[in-house]
Every structure is written in structure tokens, then in C-alpha cells.
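S.K.: below are the sequence and a predicted model; questions follow.
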Amino acid sequence: MNTTPSTESASTESASTESATEPSTTPDETALELLVHGVGGTTPQEMLDDPQTVRVSGDDTAAVFRRGEDADAEDRPDDYRGKPVPEAYVWCNLTSGNGSRALWLLLLPFMVANLSHWMRPNARRKSRNVRLYGLLVRLVSLTLTVLLVGAACEVALDLTAWQCAGTAACAEQRAWLGFLSVDAHGGGGWWSQPGRRLALASLVPTALAVLLWYLSHRTWSAYETQRPLPHMPEPTDGEVDNALGRPGFWYGRRLVARLRSAHTAAGFLTVAAAVGTSAARFDREAGGPALLDVLGWVIVAALAAGTLAVIGVVVHRGRKENRVDDTLDRTVVRFLPYASLALLAVTMVYAAWSRPGWHSSGRLPGDATFGGIALVQGALVIVLAFVAHAIYRTARDPRTALRGLGGPATAMLACALGGVMTGGIAQRVADWLDGTSGLIKGPPVLLSWQASVIPPLLIVLAVLCAALAWRTARIKKRETVQVAADYHLDAKPGDTTEPPDAARTERIAGTRARAALTDKAPLMIGVVSSVTLLLGALAIVGAWTTGKVPATAFQGSYAIVEGAAESAQALGSWLIGLGFILFVTWGRRAYKDASARRTIGILWDVGTFWPRAAHPFAPPCYAERAVPDLTWRMATWTQATGGRLILSGHSQGSVLAAAAAWQLHPSVRKRVGLLTYGSPLERLYGRWFPAQFGPEALASLHRQVDCWRNLHRGTDPIGGPINLPGECGPQVDHAALLDPLAYGRTPQHPLPAPILGHGDYQADPVFAQERARLLARLKPGGVPQQRPDAEGGQAEGEQAVQGSSGRSSA
């Protein structure tokens with residue numbers, strides 16, 4: 001983003017504004033500024049700039065705070081004439097609270113898949129393609145659950161119970177496998193039969209499925225059951241029907257419960273299939289017991305029926321947003337997981353039945369399952385891309401990320417993350433069990449092929465980064481000239497400022513150039529996801545056609561090809577192992593260290609804003625707690641006092657503020673002014689989530705709230721202008737603020753001013769001036785003044801229009 005800052009920061013603008021629109025306060029009027037922090041979290045003491053704060057409302061997870069001296073501000077309105085009472089809403093513990101948040105790292109692919117659901121392009125009307133888009137994302141999410149549980153089955157059942165415990169030499173190296181192992185003559189104890197080993201080992205993936213259910217149910221009880229502020233759907237009156245304003249948008253209790261039951265059942269069925277189909281395959285051989293053969297077919301049929309039931313539940317119902325849906329589908333929620341668990345128990349008993357002639361060798365039958373999952377995922381992503389493109393054509397917007405393909409690209413990345421986690425776990429466990437001895441076959445061939453495509457992908461990524469670095473250097477050179485113009489660095493007679501400093505100029509220009517890299521995120525994600533899809537398809541073809549790992553498959557070919565295959569396989573295995581180690585280390589550190597949890601919490605701040613509409617095992621949506629908190633606070637305070645309220649949001653807090661404003665009743669919105677700064681509303685959310693934050697939605701929000709001002713800097717890599725079309729744009733966006741406030745040492749800034757980037761917007765005098773302008777626009781009792789026009793109202797040296805009882809159309 002390359003925006004030219006305004007050099008006339010605040011003095012001319014505020015002087016004319018404040019003289020023309022001095023707030024008409026009354027003795028019983030109180031104004032409130034409700035501050036909402038951004039990513040990474042903070043403390044109420046930092047937000048309110050006071051060491052003595054008191055909690056006004058809320059709990060240890062999220063709460064509203066005031067300075068101690070402001071606790072009874074409503075009882076002393078004369079003390080606050082002409083200034084608002086500051087109040088801070090602190091929500092950081094929703095994403096970085098106790099140590100159990102470290103377990104959320106396991107849910108990263110699920111979170112990314114859930115994001116892809118909300119990246120649907122904007123549509124002129126709800127159509128079959130819109131419903132099909134959501135259905136396809138839910139199916140992709142279901143495959144991720146099967147993939148993760150399948151990875152646990154690969155580690156526990158195949159590598160450990162089937163291969164290592166079934167090989168005497170491998171089991172001898174692991175004393176804890178002694179009771180499961182066979183001796184050199186193929187004999188052993190009661191547990192040494194393959195079916196019994198598989199039945200016992202199946203407790204590990206079953207425990208994983210139960211853990212996922214527990215995490216989802218626990219967070220569901222804390223987040224999805226928070227009731228939003230009651231209100232009826234509002235007549236549109238020509239306005240855009242934005243989903244964020246619907247009564248049930250932030251109440252996903254019913255859908256998450258249904259999806260949780262379906263995904264839990266899918267996990268149990270995956271384990272049952274891994275245990276039961278292997279035993280059934282042995283029983284189908286000639287000479288096997290007829291009863292066991294029949295029972296095997298019954299179990300296979302039950303598995304097929306359970307799979308169809310799970311898919312039916314996932315496909316059947318999407319979200320209901322027009323009302324708060326308290327209904328729980330108890331038959332589905334309770335019956336489906338319990339029935340699947342019962343089938344798993346029967347399958348374990350069936351597999352543990354004595355089969356003296358059954359011996360394990362090679363890999364566990366069914367190792368081609370991973371290839372099937374990858375193939376289904378690729379097909380779903382391709383179909384999703386066609387559907388997204390069809391939706392995008394109905395409402396084209398060039399600002400939309402990847403021309404509407406952001407959702408499919410993100411879904412592809414979710415599948416890739418799942419594949420990397422699966423391969424990393426399997427490869428590391430195989431190395432731990434066997435090392436380089438070659439006593440066992442190791443993980444499925446496909447996982448080696450998938451690891452081998454990581455080096456080529458990194459090469460493509462390195463080339464892309466080099467191109468972006470070259471582009472950034474060009475922007476930096478251009479910004480160097482712009483910095484000189486912005487700060488008027490041409491020497492003038494009698495000038496007391498320091499002469500231009502080349503290093504200082506380059507730092508400012510470099511910060512601006514690097515901040516613009518954010519706008520290239522769609523390019524990077526599009527390239528990475530496309531290359532991942534192509535390389536993933538080649539990996540499936542290579543694994544299925546050769547049945548060998550890449551290094552073996554290319555033996556005897558050209559020397560350069562053989563060397564490249566060996567290098568890719570070795571380097572890919574090393575990289576995926578390193579990634580697994582870093583993943584575990586990061587999770588362990590986050591469990592013990594609160595500061596590390598806050599760092600990881602930044603990832604959750606961005607990724608878990610949206611409700612769990614596609615994957616119930618994704619980390620919980622904190623906005624389903626935060627948005628009702630904000631709306632309840634604003635509605636009850638304005639009802640009790642009739643005062644004016646400024647909703648002030650920084651960074652991600654501005655997104656929460658906008659979502660909360662959409663949930664307010666129109667009579668409350670008339671008393672609320674919106675002040676956003678460092679806001680990603682258009683730069684990130686408007687491009688990646690156009691159906692909810694596109695130009696039409698943001699323009700509609702501007703018309704529905706009484707007044708809205710947005711502050712941004714050219715050095716900010718996250719925030720940016722709202723860029724509303726037509727005359728709405730200058731009414732919302734202030735010209736880009738200078739950063740730093742002063743180039744060198746001046747009488748006003750005798751010490752060097754820092755480059756603030758994304759933080760500390762309150763340090764700029766413009767912040768207080770724009771807040772005063774918003775308060776001047778608002779009048780007690782919800783009667784707003786007339787909006788200033790686009791030309792005279794927001795230009796430099798603007799004059800505010802005198803108060804009017806009417807509300808202009810902006």
C-alpha cells in the first residue's frame with residue numbers, strides 16, 4: 001500500500017472543526033469512549049494509561065475496565081464536560097489464557113479450513129452455488145478430521161503394533177513392546193496375535209478422537225452458548241443485508257453441535273475401519289472361519305452405513321442466522337457418536353478374536369487410504385474453485401483476493417498443513433522405532449513422495465520472495481523521494497530543524513516499502529497453493545504408479561534426475577522432521593510460558609474471529625463472546641444514561657467494533673460514533689472476506705452508524721484506509737498520518753521521534769482531534785447532527801456543518 005501522508009496533520013483541521021462544532025453539552029450528559037484493543041493483547045492499565053483500574057463488568061476471561069477515579073463518572077457529569085469517560089474492553093484471554101491453549105496448535109489445519117468457508121466471494125443473491133460452496137468446504141473439513149485420526153492410526157496401528165511389534169528384531173530394541181511382540185519362530189504371548197495388537201493400539205487414535213471432542217465441547221460450552229443481544233432482523237430499506245447484522249450470526253450453538261457429533265463419529269469410524277478391514281480381509285481368505293467372515297462383512301456394511309450417515313449430517317444443514325436458534329438435534333448429537341463408538345468396540349472384539357494363522361508382514365493393508373484422502377481433497381478443492389469463480393462473476397470486485405479464489409486457495413493450504421503434520425508424525429515415529437536399520441517397511445510410500453515435494457515448493461517460494469524483495473527495493477527508492485516531499489526537507493532560510501539525514505530517510509522509506517508487502521499476500525498464497533496442488537497431484541501419481549519411494553523409483557534413470565530425487569527425498573524428510581520438532585517445541589513452550597502463549601495468541605486473534613461454520617474442532621470463535629459483550633455494554637449504557645458513545649477500535653479491535661455496531665438496534669447506533677485506527681477492515685478483511693466486509697457492506701455500515709472516522713499510516717503493515725466509493729471515502733478516511741511525527745529534532749520534538757508503524761495511534765494529536773469531532777457530531781438522546789459533505793467536511797481545513805436534527809444520506 002503506497003499512500004501519501006498529509007503534511008498538515010492536525011492544527012488547521014482541528015482549529016476550524018472545534019470552533020465550528022463545539023459540543024452542546026448539558027449538565028446531565030456523559031460521554032463514553034469504549035476502547036477495544038487489537039492483536040497480541042494488552043492490559044487495562046496500558047489501555048487506560050493508569051496503574052489503578054477497576055473492573056466494571058465481566059470476568060477473568062473478558063471484561064470492561066475503568067480508571068479508579070472514573071468508576072462513578074455517571075454520578076459526576078460536571079467533571080466530564082467536554083471529554084469522554086475512557087473505558088477499556090480487554091479480551092486477550094479469550095485467545096491466550098491458560099496453558100491448555102497450547103493444544104490448539106494441533107487444530108491449525110482445522111482453523112485454516114474454517115477460514116476458507118468465510119472467504120466466499122460476494123454474491124448478488126443467495127443461490128445454489130452459495131450453498132454448494134459451504135457444503136464443499138464442510139466436506140474438505142471432514143477429510144481433515146479423517147486425515148488426522150488416520151495419522152494416529154498409522155503411527156499406533158501400522159508402524160508400532162503391526163510392523164515393529166510384528167518384527168522380532170525391531171521389538172527387541174523397544175522393551176515396552178515385549179508383551180506385544182512375536183518371537184523368532186512367530187510365536188508369542190496372548191497379545192502377540194495381529195488382531196489383538198491392533199485392537200489394543202486402536203486405543204491411541206480413539207483417545208485422540210475423544211480429545212478432539214472434549215476440546216470442542218468444552219469451548220462450545222464457553223463460547224457458542226453466549227447469547228447475543230436480542231433483536232429482530234431489521235428491514236433493509238435498500239441497504240445491503242449483511243450477515244454480520246443478523247440476530248443469529250454470532251450464535252452457532254446448533255450447527256457446531258451437529259458438526260461435532262459428525263466429526264467425532266468420523267474419527268471413531270476411521271479407527272474401526274483401520275482395525276476391522278484388516279481382520280475382515282484375512283477372514284475372506286480360503287479356509288477362514290465362516291462365522292468370522294460373515295461378521296466381517298456385517299462390520300464393513302455398518303462402516304459404510306455410518307460413513308453415509310456422517311456425510312448426510314455434514315451435508316444436510318448449514319447455518320441459520322436470521323434468528324437465535326436454540327434447537328439442539330439431540331438424536332443426531334447423541335446417537336451418531338455413541339453408535340460409532342459402539343461399532344468401534346464391536347470391531348475391536350472382532351479383531352481380537354483368535355486367529356492362530358494370522359501373521360503381520362509388510363505394511364498394514366489399506367495404506368493406500370492416504371492417497372485416496374489426498375485425491376478426494378484435491379478434487380473437492382478444484383470443484384470449490386469453479387464454484388467460487390461462478391459466484392464471483394455475479395458481483396465482480398477487483399479488490400477481492402485472487403478474484404474470488406481466496407477460499408479454495410486457503411482450503412488447499414489447510415489440506416497441505418494436514419499432510420505435512422501427518423507425514424511429519426509418521427516419519428519421526430518410524431525413525432524413532434527403526435532408525436536406519438531397515439527392519440520395518442516404514443510409513444506409506446505416498447508420505448515419502450509428499451515430503452519430497454517440499455524442497456521444490458521451497459524453491460518456488462524463494463524465487464517469489466526474491467521477486468518481492470526486488471520490488472520492495474524499487475518502492476523504497478520511490479518512497480525516499482516521497483519522504484523528502486512529505487517532511488519538506490528542502491532547506492529554508494532560518495529553518496531550525498536538522499538537515500536531512502540519509503539514514504533516517506532510508507529507514508522511513510524502507511518501513512513504508514515493507515508495509516506494502518501485505519498487499520502482495522494474495523499473490524504469495526495463490527502461487528503457493530497452486531504449486532502445492534500441482535506437486536501434490538504428481539506425488540499421488542508417482543506413489544500409485546511406482547509403488548516405491550522417489551529415490552528408489554528413479555534409480556537407473558538420468559544421473560541428474562536420480563540425484564535430484566534422492567536429494568529431494570532426503571531433504572524433504574529432514575525438513576518435515578525439523579518442522580515436527582519445532583511444532584512440538586513451540587507447543588511445549590506455549591504450555592509453560594504465558595508470553596509464548598500470547599505470541600501464539602496473535603495467530604488465533606486473526607484465525608478464530610469467525611464462527612466454526614465448517615470445522616467443529618477448529619479453535620473456538622472468540623467473537624461469539626466478544627461481540628455480545630460489546631453490544632450488551634453499549635446498549636445497556638446508552639439506555640441507562642442517554643449519553644454519547646465513541647466505539648474506538650485498534651487493529652483487530654476495529655473489526656470487533658464494526659461487528660458489534662452491526663448488531664446494535666438502529667436507535668442505539670444513532671448515539672454511537674465509530675473511530676478506527678490501524679484497521680484491517682478493508683485491507684485484509686474486505687479483500688479476503690468480501691461477502692461480509694466488501695465495499696457494499698462497509699458503505700452500508702457507514703450509512704447506518706451516525707459517524708465514522710478511520711486513521712491509518714503508510715508505515716502500517718496491517719491497517720489501511722477503508723476506501724469507500726464515491727463521496728463516502730473522504731468522510732471516513734483521514735489522510736495518511738505522518739510517521740514519525742517529526743523527521744528530526746524540532747522545538748516540539750527535541751528528541752528523535754520513533755517510527756510507530758502499527759502501534760500507538762493515540763500518540764498522534766490527530767487522534768484526540770478526531771475523537772472530539774465525533775463527539776461534536778453526536779448529540780445526547782440519539783439525535784445526530786447532519787453529516788459533513790465530502791468536499792468541505794473532510795478536506796484539510798474542513799469546516800463542520802452546524803447541527804441538524806435530520807440525518808443525511810452520506
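M.R.: Yep, that arrived.
S.K.: drop to CA atoms for contacts and neighbour counts, all remaining ones
M.R.: OK.
S.K.: quick one: buried residues of the helix or strand hosting residue 262?
M.R.: Residue 262 belongs to helix 253-283 when assigned by DSSP states H and E. Across helix 253-283, burial judged by 16 or more other Cα atoms under 10 Å covers 253-280, 282-283.
S.K.: ok, now stretch 768-779?
M.R.: With burial defined by 16+ other Cα under 10 Å, the residues of stretch 768-779 counted as buried are 769-779.
S.K.: again with stretch 708-728
M.R.: Neighbour-count burial for stretch 708-728 [16+ other Cα under 10 Å]: 708-724, 728.
S.K.: now, which of these lie within strands?
M.R.: Using DSSP state E, 708-711 are the members of the buried residues of stretch 708-728 that sit in strands.
S.K.: name the residues that touch stretch 575-582?
M.R.: 420-421, 423-425, 427-428, 451, 454 (Cα atoms under 8 Å, 6 or more residues apart in numbering).
S.K.: with distance to residue 394 added, can I get the residues you listed in TSV?
M.R.: As requested, the contacts of stretch 575-582 are arranged in TSV below (distance: Cα to Cα, whole Å):
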residue	distance to residue 394
420	36
421	37
423	40
424	42
425	43
427	46
428	48
451	39
454	37
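S.K.: quick check: which ranges of the stretch 501-650 of the chain have low pLDDT?
M.R.: For the stretch 501-650 of the chain, applying pLDDT under 70 flags the ranges 584, 586-604.
S.K.: and the helices in it?
M.R.: All helices of the stretch 501-650 of the chain, identified by DSSP state H, counting those that start in this stretch, fall at 502-515, 521-546, 550-553, 559-592, 594-607, 623-641.
S.K.: can I get the ones you listed in JSON lines including mean neighbour count?
M.R.: Shown next, in JSON lines, are the helices of the stretch 501-650 of the chain (neighbours: other Cα atoms under 10 Å):
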{"stretch": "helix 502-515", "mean neighbour count": "19"}
{"stretch": "helix 521-546", "mean neighbour count": "18"}
{"stretch": "helix 550-553", "mean neighbour count": "19"}
{"stretch": "helix 559-592", "mean neighbour count": "17"}
{"stretch": "helix 594-607", "mean neighbour count": "20"}
{"stretch": "helix 623-641", "mean neighbour count": "20"}
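S.K.: closest to residue 317 out of those helices?
M.R.: Among the helices of the stretch 501-650 of the chain, the nearest to residue 317 by Cα to Cα is helix 623-641 (20.2 Å).
S.K.: for that closest one, packing partners?
M.R.: Applying 3 or more Cα pairs under 8 Å, 6 or more residues apart in numbering; DSSP states H and E, we find helix 623-641 packed against strand 644-650, helix 652-663, helix 666-669.
S.K.: tell me how many other residues crowd residue 398.
M.R.: Using other Cα atoms under 10 Å, residue 398 has 10 other residues around it.
S.K.: how would you label it: helix, strand or coil?
M.R.: coil (DSSP: H, G, I helix; E, B strand; the rest coil).
S.K.: could I get the phi/psi values of it?
M.R.: The phi/psi pair for residue 398 (degrees, to the nearest 10) reads phi -60, psi -20.
S.K.: and the gap between it and residue 725?
M.R.: As judged by Cα to Cα, to the nearest Å, residue 398 and residue 725 stand 13 Å apart.
S.K.: check residue 553 too.
M.R.: Residue 553 is 57 Å from residue 725, by Cα to Cα.
S.K.: repeat for residue 151
M.R.: Separation of residue 151 from residue 725 (Cα to Cα): 49 Å.
S.K.: next one: residue 351
M.R.: Taking Cα to Cα as the measure, residue 351 falls 66 Å from residue 725.
S.K.: hmm, back to that, wait, which of the helices of the stretch 501-650 of the chain is closest to residue 35?
M.R.: That would be helix 623-641 among these, by Cα to Cα, at 10.2 Å.
S.K.: who's in contact with that closest one?
M.R.: Residues outside helix 623-641 that contact it (Cα under 8 Å, 6+ apart) are 29-30, 62, 74, 89, 91, 223-224, 226-229, 250-251, 608-611, 643-645, 656-657, 659-661, 663-664, 668, 671.
S.K.: try 7 Å this time
M.R.: For helix 623-641, contacts defined as Cα atoms under 7 Å, 6 or more residues apart in numbering pick out 91, 223-224, 226, 228-229, 250-251, 609-610, 656, 659-660, 663-664, 668.
S.K.: same thing with stretch 704-713?
M.R.: Taking Cα under 7 Å, 6+ apart as the rule, stretch 704-713 contacts 669-670, 672-678, 702, 719-721, 732-734, 736-739, 774, 784.
S.K.: and for stretch 273-280?
M.R.: Residues contacting stretch 273-280 (Cα under 7 Å, 6+ apart): 195, 198-199, 293, 296, 303, 347-348, 351, 365.
S.K.: if we go to 8 Å?
M.R.: Residues contacting stretch 273-280 (Cα under 8 Å, 6+ apart): 153, 157, 195, 198-199, 202, 292-293, 296-297, 299-300, 303, 347-348, 350-351, 364-366.
S.K.: can I get the helices and strands packed on helix 623-641 in TSV including distance to residue 617 and mean neighbour count?
M.R.: What follows is those, written out as TSV (distance: least, Cα to Cα, whole Å; neighbours: other Cα atoms under 10 Å):
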stretch	distance to residue 617	mean neighbour count
strand 644-650	29	27
helix 652-663	23	25
helix 666-669	35	19
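S.K.: closest to residue 307 out of these?
M.R.: helix 652-663 (37.5 Å).
S.K.: check contacts around the residue nearest to the spatial centre of the chain.
M.R.: By Cα atoms, centre = their mean, the chain has its centre lying nearest to residue 607, at 1.6 Å. Going by Cα under 8 Å, 6+ apart, residue 607 touches 111-112, 115.
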